[in-house]
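What would the 3D arrangement of this be:
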Amino acid sequence: MTKQIGALLLSIILLVVGCKDKGTEPTIRYEPTWRGINSPHDVDLSQLAVSADSSIWAISDSQVFRLRSDTSWERVLGPNTEHRFASIALDGNGNILMGGLGAIYWQERTWWTYSDAISIGGDTVGCLVVNSRGFVFAGTRQHGVLRTVTPGAVGSPWYSCTGIASGSINSLVARSNGDIIATTDSSSSIVYQSTDDGITWMSVGSLAAGDGCSLALDDHGSIFLGTNRGIFKTADNGLHWLLVCSTASRVTSLLAMSGNRLLATAGSVYYSDDAGANWRTASTGLAGSPAISITRGKTGNVYVGTRGDGIYESTHPFSP
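Model (predicted):
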């Protein structure tokens, strides 16, 4: 009996809050590994998205690349110094929208067009999101958040949202019910939420954590905020925030998936499979260049964009 009790005690794993390498690590059911795919190198792939036809789209400042399902890739826009690209999003039909310096691009049939109807002059559209009602939201560096007056009409005049900081908006995400959450580069990492398509906004988080860099929402409605010093989580819509992962670098992107799984890029790739309670690095197979962007494909594969070493794909898909 004594031996059985001892064996049982040895099998217990103590869970710790934080990233890898502190005491005994939690049990991780699956640790992502990566392999390089045919993709542009020697450029910073700061934004990734996967369109309805499973093509991977990548933004690198003055250029836009498309990687087809047959693994061939092409430069579809750029180099373009007039409208440098900074953001990418999908509309409700899986079509690509891209934001840049003073304009938004979209594809009409087989050609690309852009609109400067957003009226931000020399400002940059740093993030884009489309909510379930079809409104397109654009986060800018100097003009706060703007929204299409009519759902989907990116070429028409835009509505300037009030009640939210007019500084740089670094990330936007949409809940399934259409609510929008935004984070700014305020020194207090303020997080805002709108429940009426951007007409009014309320603060749901003020953290002494440096710049708010990235956002993600999990299946339970929790908000994850990437900052200059780690990842924070709130499960009660901003009443309480918990630092769940300390990082040495800026958390440039977050990805929430089903089954309580999350991924983040902060130089390395970080992974959690228990709703953000525990994290560890998961960079096996990546080259030495920093991981700076992440997205999920239609078949469950995850893609990571790097600074100079192209795009990497998870060696095994994540199940739905």
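
The stretch of helix or strand Val244 belongs to - which strands sit beside it in the sheet, and in what orientation?
Assigned by DSSP states H and E, Val244 falls within strand 242-246. Here strand 242-246 is paired, per DSSP bridges, with strand 230-234 (antiparallel).

hmm, back to that, buried stuff in the strand holding Val244?
Leu243, Val244, Cys245 (16 or more other CB atoms under 10 Å). Heads up, the C-betas are built off the backbone N, CA and C, glycines and all.

ditto for stretch 37-45
Ser39, Pro40, Val43, Asp44, Leu45.

Please identify which of the buried residues of strand 242-246 is nearest to Asp274.
Using CB to CB, Val244 comes nearest to Asp274 of those, at 10.1 Å.

Just to check, that closest one is in contact with Thr234?
No - judged on CB atoms under 8 Å, Val244 makes no contact with Thr234 at a distance of 10.2 Å.

and Tyr114, what is it in contact with?
Counting by CB atoms under 8 Å, 6 or more residues apart in numbering, Tyr114 makes contact with His83, Gly100, Ala103, Ile104, Tyr105, Trp106.

Can you flag the buried ones in those residues?
Buried residues within those, counting neighbours by 16+ other CB under 10 Å: His83, Gly100, Ala103, Ile104, Tyr105, Trp106.

and of those, the nearest to Val129?
For the buried ones among the contacts of Tyr114, the nearest to Val129 is Ile104 (12.5 Å; CB to CB).

For Val136, see how far away that closest one is.
8 Å (CB to CB, to the nearest Å).

swap in Gln142?
Distance from Gln142 to Val136, by CB to CB: 19 Å.

Asp116 too?
15 Å.

out of the two, which sits in the busier spot?
Set Asp116 next to Val136 and count neighbours by other CB atoms under 10 Å: Val136 wins out with 25 against 13.

Neighbours of the nearest residue to the more buried one once chain neighbours are set aside, how many?
Nearest in space to Val136, with sequence neighbours left out and distances taken as CB to CB, 6 or more residues apart in numbering, is Thr148 at 4.5 Å. Residues lying near Thr148 (other CB under 10 Å) number 24.

again, but for Gly230
24.

Please name the nearest non-neighbouring residue to it.
What sits nearest to Gly230 in space, not counting adjacent residues and going by CB to CB, 6+ apart, is Ser246, at 4.3 Å.

Likewise for Ile231?
Cys245 (4.2 Å).

do the same with Ser214
Closest to Ser214 by CB to CB, 6+ apart is Gly226, at 3.7 Å.

I'd guess the one you found is in a helix, am I close?
No - per DSSP: H, G, I helix; E, B strand; the rest coil, Gly226 lies outside any helix segment and is strand.

Begin at 30 from now on, thanks
Right, with 30 as the first residue, what we last looked at is Gly255.

Report the separation between it and Leu236.
From Gly255 to Leu236 the distance is 12 Å (CB to CB).

Neighbour count for these two, which is higher?
For Gly255 versus Leu236, neighbours defined as other CB under 10 Å are more numerous around Gly255 (30 against 21).
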